[in-house]
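Engineer: got a sequence here, can you build the structure:
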Amino acid sequence: MNTALTMDTTTEQVCCAPSDRPVLNAADAQDSARILKALSDPNRLRLLSIVKAGDGGEACVCDLTEPLDLGQPTVSHHLKILVDAGLLEREKRGTWAYYSLVPGALERAATIITGL
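Structural biologist: The predicted structure is shown next:
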């Protein structure tokens, strides 16, 4: 039996059928990438861990620079990325900013990964 393709062979004959499973659309992929990029930095993962472990699930910015051994501008930059990604929320109290996890944010990140 000759299995070579002939000129009459169409793409439908040699290609598998498309999947019925839903795929990520462009907007959801962009949003998911923003969250995953925010999580891809070890300092940001540590910040999330520190905030989550803090009293009441929050931490003051004044308590976040020393454990990371980073300067305040660098820590602020990482915190901004986490806030912009929807992982942390910021509350100003007097001269200090307090950070807490956005409810369900870590579960959403896990769902992004397991839902692929």
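Engineer: drop to CA atoms for contacts and neighbour counts, all remaining ones
Structural biologist: Will do.
Engineer: below-threshold pLDDT in this protein: ranges please.
Structural biologist: Applying pLDDT under 70 to the chain flags residues 1-14.
Engineer: where do the strands of this structure begin and end?
Structural biologist: 58-60, 88-93, 96-101 (DSSP state E).
Engineer: give me the contacts around the first one.
Structural biologist: For strand 58-60, contacts defined as C-alpha atoms under 8 Å, 6 or more residues apart in numbering pick out 50-52, 96-101.
Engineer: same question for the last one.
Structural biologist: Contact with strand 96-101 is made by 48, 51-52, 57-62, 87-92, as judged by C-alpha under 8 Å, 6+ apart.
Engineer: which of those sits closest to S19?
Structural biologist: Checking those against S19 with C-alpha to C-alpha, the nearest one is L87 at 32.3 Å.
Engineer: can you report how many residues neighbour the closest one?
Structural biologist: 22 (other C-alpha atoms under 10 Å).
Engineer: one more: T95?
Structural biologist: By the measure other C-alpha under 10 Å, the count of residues near T95 is 5.
Engineer: do the same with Y98
Structural biologist: When neighbours are counted by other C-alpha under 10 Å, Y98 registers 17.
Engineer: against E89, how distant is N25?
Structural biologist: Separation of N25 from E89 (C-alpha to C-alpha, to the nearest Å) stands at 27 Å.
Engineer: quick one: the helices in this protein, in order.
Structural biologist: Per DSSP state H, the chain carries helices over the ranges 11-14, 26-39, 42-53, 65-68, 72-84, 105-114.
Engineer: can you add distance to D20 and mean neighbour count and give those helices back as CSV?
Structural biologist: Putting these into CSV (distance: least, C-alpha to C-alpha, whole Å; neighbours: other C-alpha atoms under 10 Å) gives the following:
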stretch, distance to D20, mean neighbour count
helix 11-14, 16, 9
helix 26-39, 18, 15
helix 42-53, 35, 17
helix 65-68, 46, 14
helix 72-84, 33, 17
helix 105-114, 18, 13
